[in-house]
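1. here's my sequence, what's the structure:
(one chain, ligands or ions: 1)
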Amino acid sequence: MTFSSFSDMGFAIIDISELQHISKIREAIVNHLASQFSLTNCDPEHFLNNFHINASIHDDVAANAMILDLIRGISGNYDFSTSIYESITPYLDELIGPDVMSQKNNNIVYQYPGSNRFSELHTDYPTNSEFEVVSWVPLVNCFGSKSFYLVPLSDSIDLVSRFKDRQYASWDDYKASCLSKAVHVEVNYSQCILFWTGLIHGSLINETNESRWFLNARYKSLFAPFGQHDPLTYYKPLRYSALTRIALSSK
Ligand SMILES: [Fe+2]
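-> Take a look at the predicted model:
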């Protein structure tokens, strides 16, 4: 799959060219968790994959508390939207241009094997803008039910339109139709998935024996319409073009 597939499929899996921005965050996550759970700090991939075993995370209350503490612990030093942006700038430049707004808050998706807290299928638009792109950055290699699924562009548009026309007898019916068209993405650490907010997507119960770890962030042009989120609390300006800087300074 190449980046040109974004136009046809609504998503692309890309190789991260400036991985150091992501590896610094991954290292900070491992260091924080090793310290909080008194664990030996080892190879990040191995540490994160087996974290549920070594830290005894076997219920969603413990998982949630761990993630909240982790985000609090590293957010003073790391801004995920900026780091992800810097790791894949040419791709985001091509999609949204040089004037960029991003999601404000740091977000980590964690799911230990067997957790029922999977992401039910949905689209991010219209809660998010239809002029917005989502980045998913895995911190471990993800495959099968440890990963996510996406429904390609034309199928997503068709399925959402049929759903609005009440052509499905039940949610289960609709979900079965979506899953029959879904692509279960295989994505490794050092890669990133970029996808349009209108794509149907979700995850399954993680039935592998490894933990799922993803960062995510969303980006739109500074001048593109917002979705339904409160713009002041959800987004922040990330980058201005030279022209926009001049225009803003002249006010
Ligand atoms: Fe989503």
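
2. contacts, neighbours, all on C-alpha from now
-> Noted.

3. what is the burial count for the residue nearest to Phe11 when sequence neighbours are not counted?
-> Spatial nearest neighbour of Phe11, chain neighbours left out: Phe195 (4.1 Å); criterion: CA to CA, 6 or more residues apart in numbering. Per other CA atoms under 10 Å, the neighbour tally for Phe195 reads 23.

4. where does this structure dip in pLDDT?
-> Along the chain, segments meeting pLDDT under 70 span 1-2.

5. partners of whichever helix or strand Met101 is part of in the sheet?
-> Using DSSP states H and E, the element containing Met101 is strand 100-103. In the sheet, strand 100-103 lines up against strand 212-221 (antiparallel), strand 235-239 (antiparallel) (DSSP bridges).

6. quick one: it to chain centroid distance?
-> Its chain's C-alpha centre and that of strand 100-103 lie 14 Å apart, by CA atoms, centre = their mean, to the nearest Å.

7. after that strand, which helix or strand is next?
-> Using DSSP H and E, the helix or strand that follows strand 100-103 in sequence is strand 108-111.

8. and the helices in this protein, which stretches?
-> Secondary structure of the chain by DSSP state H: the helices cover 5-9, 20-36, 44-49, 51-54, 60-74, 80-87, 89-96, 153-164, 171-181, 231-234, 242-249.

9. I'd like the ones you listed as JSON lines, with distance to Phe223 and mean neighbour count appended.
-> Listed next are these as JSON lines, based on distance: least, CA to CA, whole Å; neighbours: other CA atoms under 10 Å:
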{"stretch": "helix 5-9", "distance to Phe223": "21", "mean neighbour count": "14"}
{"stretch": "helix 20-36", "distance to Phe223": "27", "mean neighbour count": "18"}
{"stretch": "helix 44-49", "distance to Phe223": "38", "mean neighbour count": "18"}
{"stretch": "helix 51-54", "distance to Phe223": "41", "mean neighbour count": "18"}
{"stretch": "helix 60-74", "distance to Phe223": "29", "mean neighbour count": "14"}
{"stretch": "helix 80-87", "distance to Phe223": "18", "mean neighbour count": "21"}
{"stretch": "helix 89-96", "distance to Phe223": "10", "mean neighbour count": "16"}
{"stretch": "helix 153-164", "distance to Phe223": "24", "mean neighbour count": "15"}
{"stretch": "helix 171-181", "distance to Phe223": "32", "mean neighbour count": "14"}
{"stretch": "helix 231-234", "distance to Phe223": "12", "mean neighbour count": "11"}
{"stretch": "helix 242-249", "distance to Phe223": "10", "mean neighbour count": "11"}
